[in-house]
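Novice: Next input, structure requested:
(one chain, ligands or ions: 4)
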Amino acid sequence: MKYFVKEIYYTLQGEGAKSGRPAVFCRFTGCNLWSGREQDRASAICQFCDTQFVGTDGPGGGVFRSALELAGAVAAKWPESWNANKMVVCTGGEPLLQLDEAVIEALHDEGFEVAVETNGTKIPPPGIDWISVSPKANAECILRAGDELKLVFPQPGGEPTKYENLDFDHFFLQPMDGLSREQNTQLAAQYCLKHPQWELSIQTHKLIGLP
Ligand SMILES: C[S@@+](CC[C@H](N)C(=O)[O-])C[C@H]1O[C@@H](n2cnc3c(N)ncnc32)[C@H](O)[C@@H]1O
Ligand SMILES: Nc1nc2[nH]cc(C(=O)O)c2c(=O)[nH]1
Ligand code: SF4
Ligand SMILES: [Mg+2]
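Specialist: Ligands and ions are numbered 1, 2, ... in the order given. Purely as a prediction, here's the structure:
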């Protein structure tokens with residue numbers, strides 16, 4: 001199995017319940033809800049994506065020819081000074097198009113807790129330690145259980161009530177970034193205040209200039 005990866009880098013998890021935790025980000029190439037090309041954005045199923053995930057040309061990116069090779073590249077980004085509390089966040093693009101049991105096992109063997117950021121359209125392989133699902137209004141969310149549900153807000157047709165009965169330990173609203181980010185942040189905050197099942201997830205890495 002070959003794995004196509006846009007970038008691998010060390011940063012702080014910026015979103016959700018694990019916000020602030022050091023982690024290696026492994027960003028897989030490609031997504032099933034958008035080609036990643038700007039000229040296709042308006043016709044894509046998911047139109048608000050804030051991420052470049054085309055190609056293998058980012059920092060630490062490449063084509064990895066085995067699960068062991070990929071896990072080794074992830075491990076190489078962890079600071080040598082502290083061989084504990086190791087976390088890797090598999091994201092993309094849509095990581096569940098490529099992430100398989102072999103990679104999860106190899107990452108565990110390197111001592112990592114394995115977290116995944118997914119759009120909820122694919123059933124994950126077994127063994128993932130933390131599943132963050134971010135459903136999209138125009139795509140069926142078939143992954144209906146996990147650790148956190150992180151809904152980008154607002155999404156017409158993807159109102160929080162559509163997801164409030166799914167089986168998650170945390171329910172987050174994350175303001176949609178873009179031209180209306182400030183307004184969306186106020187709307188999300190007001191929604192959480194009125195509906196305290198929901199908590200606010202601010203994209204903290206963007207506030208402090210981390211990738
Ligand atoms: C780039 S996606 C990659 C993982 C997966 N494809 C997904 O959508 O969950 C990572 C996270 O960023 C969120 N995200 C993408 N674009 C965003 C935006 N414009 N504003 C806020 N969050 C956004 C996604 O909903 C998801 O929670
Ligand atoms: N720092 C940081 N935290 C993140 N949490 C989820 C992200 C993602 O793009 O999946 C992300 C990201 O891109 N950067
Ligand atoms: S599903 Fe995720 S990676 Fe794909 S376009 Fe939407 S936000 Fe971006
Ligand atoms: Mg991001």
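Novice: near ligand 1, anything from the helix or strand containing Lys206?
Specialist: Taking DSSP states H and E as the definition, Lys206 sits inside helix 204-207. No - Helix 204-207 is not in contact with ligand 1 by C-beta under 6 Å from any ligand atom; minimum separation 9.1 Å. From N, CA and C alone the C-beta is placed, and that goes for glycine too.
Novice: ok, now stretch 190-202?
Specialist: No - applying C-beta under 6 Å from any ligand atom, one finds stretch 190-202 separated from ligand 1 by no less than 8.5 Å.
Novice: Who are the packing partners of the top helix by length along the chain?
Specialist: The residue-count maximum for a helix in the chain (DSSP state H) belongs to helix 181-194. With contacts taken as 3 or more C-beta pairs under 8 Å, 6 or more residues apart in numbering; DSSP states H and E, helix 181-194 sits against strand 145-153, strand 167-175, strand 199-200.
Novice: Next, the buried residues of the helix holding Lys206.
Specialist: Within helix 204-207, the residues that count as buried by 16 or more other C-beta atoms under 10 Å are His205.
Novice: do stretch 37-50 as well
Specialist: Buried residues in stretch 37-50 (16+ other C-beta under 10 Å): Ala44, Cys46, Gln47, Cys49.
Novice: Likewise for stretch 132-140?
Specialist: Buried positions in stretch 132-140, judged by neighbour count with 16+ other C-beta under 10 Å: Ser132, Val133, Ser134, Pro135, Lys136, Ala137.
Novice: quick one: which of those residues is nearest ligand 2?
Specialist: Within those, the smallest distance to ligand 2 is 7.7 Å, found for Ser132 (C-beta to the nearest ligand atom).
Novice: so the closest one touches Ala115, yeah?
Specialist: Yes - if you go by C-beta atoms under 8 Å, Ser132 and Ala115 touch, sitting 6.7 Å apart.
Novice: ok, which stretches of this protein are helices?
Specialist: Taking DSSP H to define them, one finds helices in the chain at 67-75, 101-109, 181-194, 204-207.
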